[in-house]
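**Student:** Pasting the sequence and the predicted model now:
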Amino acid sequence: MIRVNENYLKLRASYLFSDIARRVADYAAKNPDKEIIRLGIGDVTCPLPPACISAFHKAVGEMGSKETFRGYGPEQGYEFLREAIARSDFQARGVRIEPDEIFVSDGAKCDTGNFQELFSREIAVAVPDPVYPVYVDTNVMAGRSGENCGNRYRGLIYLECTEENGFVPDVPKERADLIYLCFPNNPTGATAAKQKLAEWVRYAHENRSLILFDAAYESFIRDDGLAHSIFEIEGASEVAVEFRSFSKTAGFTGTRCAFTVIPKKCNAFTESGEPVPLRELWLRRQTTKFNGVSYPVQRAAEAVYSEEGRRQVRELGDYYLKNARLIKERLGGIGFPCFGGENAPYIWVKGGKDSWAFFDELLERAGVVCTPGAGFGSCGEGYIRLSAFNTHENVERALDRIEKAFK
Ligand code: PLP
């Protein structure tokens, strides 16, 4: 008898996006003449920057000629890309990261989801609430939780992110071995001050824990006082791993390229307390289970670091941030408290009511789709997430309609 991994049966079916789709379809059927504007999406709408496209084309051309054709590439990623990343994203900011500490991949979703494989089933896992669901579900699949009860799994430590703590969780009283942090945050758009990150690094040192730091939205940081990388915090390279992505930075959601940074000094421990370098374990894992990102995609990602690529990526981020600013100002203007949206493409809006009721109201009265906060965890109840990844025109039109309906 082939036995199933019963941990999968514990997974609370995620009704979030199918529920949204169903409600939107009902609305569309009842209102065939009303155009729907989607501010719920986490996908980008602008095309790839021209610098990436031209590098992409050139590399595709190389694949068509005998002299320049490439087969399997290095599992860890081509050196040209890892060098560009180390130099521009880290060394230029005074952070000592070397190219061999970088692992290129096809997504931060897979990397944040797969990384937990390196750890024992018995570890205590701490996740933010609200949360990017991948961190939770992959630990449930691996058997690190009990049953789902209400909106939470038994056995996981939930780090509450509330208006009171500025949506930046405090270190827990109990011991957590593996801690997921994400800044700038999805879904709240919150950022964490360096001093707050330093508290987490201290906690990780004291408890021999590991921080998995998801910086997928790093490119939206405009405030010079904020850390772009957890490795800007002293002592972090012994206790943290960082995930980055080209998805939101440069419109690679459909092209797929990301990377994970594992400093050589960063260890996990055997039962008897012997240190084991995580970089080596991940290299072993990747060489066994992963065969690299395609050459043209890595050349396109490398172009993000060229002079024109940098300028274009900055403009792309500014485009979405302008939407975020507009959403925040105009919703704030009609009395909805709004958070995030300054160094992040998400705005966390307090609706003063059940988040699904707010979702329905926005749809019925304004024809605008959002994401109900409760879908990201218990602490998301009472909020909705609006995304800035639409066009200026659509954002303006959505805001006109919301103002008209709610003023
Ligand atoms: N991490 C966070 C916090 C995200 O919100 C997302 C995508 O929405 C990802 C990772 C996934 O990134 P990628 O497209 O590189 O898989």
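**Tutor:** Arrived safely.
**Student:** What separation is there between residue 393 and the ligand?
**Tutor:** Note on residue 393: its distance to the ligand, by Cβ to the nearest ligand atom, to the nearest Å, is 23 Å. The way it works is simple: take the backbone N, C-alpha and C, and place the C-beta from them, glycine included.
**Student:** Tell me how many other residues crowd that residue.
**Tutor:** Neighbours of residue 393 under the rule other Cβ atoms under 10 Å: 9.
**Student:** Can you pull the phi/psi pair for it?
**Tutor:** Residue 393 adopts backbone torsions of phi -60, psi -50, taken as degrees, to the nearest 10.
**Student:** How confident was the prediction at it?
**Tutor:** Residue 393 is assigned 97 on the pLDDT scale.
**Student:** try the one 4 residues further on
**Tutor:** pLDDT recorded at residue 397 is 97.
**Student:** How about it: what's its closest non-neighbour residue?
**Tutor:** Taking Cβ to Cβ, 6 or more residues apart in numbering, and ignoring the residues beside it in sequence, residue 397 has residue 37 as its nearest neighbour in space, at 6.1 Å.
**Student:** which ones are touching that neighbour?
**Tutor:** Counting by Cβ atoms under 8 Å, 6 or more residues apart in numbering, residue 37 touches 367-369, 390, 394, 397-398, 401.
**Student:** just those now: which is nearest residue 20?
**Tutor:** Relative to residue 20, the closest of these is residue 369; by Cβ to Cβ it sits at 6.8 Å.
**Student:** re the thing from before, let's have the contacts of residue 37 in CSV, adding secondary structure and neighbour count.
**Tutor:** Below are the contacts of residue 37 laid out as CSV (DSSP: H, G, I helix; E, B strand; the rest coil; neighbours: other Cβ atoms under 10 Å):
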residue, secondary structure, neighbour count
367, coil, 20
368, strand, 24
369, strand, 22
390, coil, 24
394, helix, 16
397, helix, 17
398, helix, 26
401, helix, 18
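**Student:** Among these, which one sits closest to the ligand?
**Tutor:** Nearest to the ligand, judged by Cβ to the nearest ligand atom, of the contacts of residue 37 is residue 390 at 15.1 Å.
**Student:** now check stretch 337-350, is it near the ligand?
**Tutor:** No - counting by Cβ under 6 Å from any ligand atom, the ligand is not contacted by stretch 337-350; separation bottoms out at 8.7 Å.
**Student:** how about that stretch: buried residues?
**Tutor:** Of all the residues in stretch 337-350, those buried under the rule 16 or more other Cβ atoms under 10 Å are 338-350.
**Student:** And stretch 171-182, by the same measure?
**Tutor:** 171-172, 176-182.
**Student:** Equivalent analysis for stretch 128-135, please.
**Tutor:** Quick answer for stretch 128-135 (16+ other Cβ under 10 Å): 128-135.
**Student:** Check stretch 264-282 too.
**Tutor:** 266-268, 278-279, 281-282.
**Student:** Over to stretch 298-306?
**Tutor:** Buried, per 16+ other Cβ under 10 Å, within stretch 298-306: 298-306.
**Student:** I would like the residues contacting that stretch, please.
**Tutor:** 48-49, 51-56, 58-59, 73, 77-78, 80-81, 84-85, 87-88, 104, 246, 249-250, 252, 255, 257, 309-310, 313.
**Student:** Filter those residues down to just the ones in strands.
**Tutor:** residue 104 (DSSP state E).
**Student:** If any of the contacts of stretch 298-306 are buried, put those into a PyMOL selection.
**Tutor:** Those of the contacts of stretch 298-306 that count as buried under 16+ other Cβ under 10 Å are selected in PyMOL with:
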select buried, resi 48+49+51+52+54+55+56+59+73+77+78+81+84+85+104+246+249+250+252+255+257+309+313
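**Student:** And the pLDDT at the closest residue to residue 5 other than its chain neighbours?
**Tutor:** Spatial nearest neighbour of residue 5, excluding adjacent residues (Cβ to Cβ, 6+ apart): residue 141 at 7.1 Å. Note on residue 141: pLDDT of 96.
**Student:** Return the backbone torsion pair for residue 141.
**Tutor:** Dihedral angles (degrees, to the nearest 10) for residue 141: phi -60, psi -30.
**Student:** quick one: it and residue 7 touch, right?
**Tutor:** Yes - with contact defined as Cβ atoms under 8 Å, residue 141 counts as touching residue 7 (5.3 Å).
**Student:** Need the overlap of contacts for these two.
**Tutor:** Counting by Cβ under 8 Å, 6+ apart, nothing touches both residue 141 and residue 7.
**Student:** For the residue nearest to residue 397, which residues count as its bridge partners?
**Tutor:** Residue 37 has the following beta-bridge partners by DSSP bridges: residue 368.
**Student:** Would you mind listing what in the stretch 1-150 of the chain touches the ligand?
**Tutor:** So the stretch 1-150 of the chain meets the ligand at 42, 107-109, 112, 132 (Cβ under 6 Å from any ligand atom).
**Student:** which two of those residues lie the greatest distance from each other?
**Tutor:** 42 and 112 (14.3 Å).
**Student:** Which one of those two is surrounded by more residues?
**Tutor:** Set residue 42 next to residue 112 and count neighbours by other Cβ under 10 Å: residue 112 wins out with 24 against 16.
**Student:** Can I take it that that one is in a strand?
**Tutor:** No - read with DSSP: H, G, I helix; E, B strand; the rest coil, residue 112 is helix and lies in no strand.
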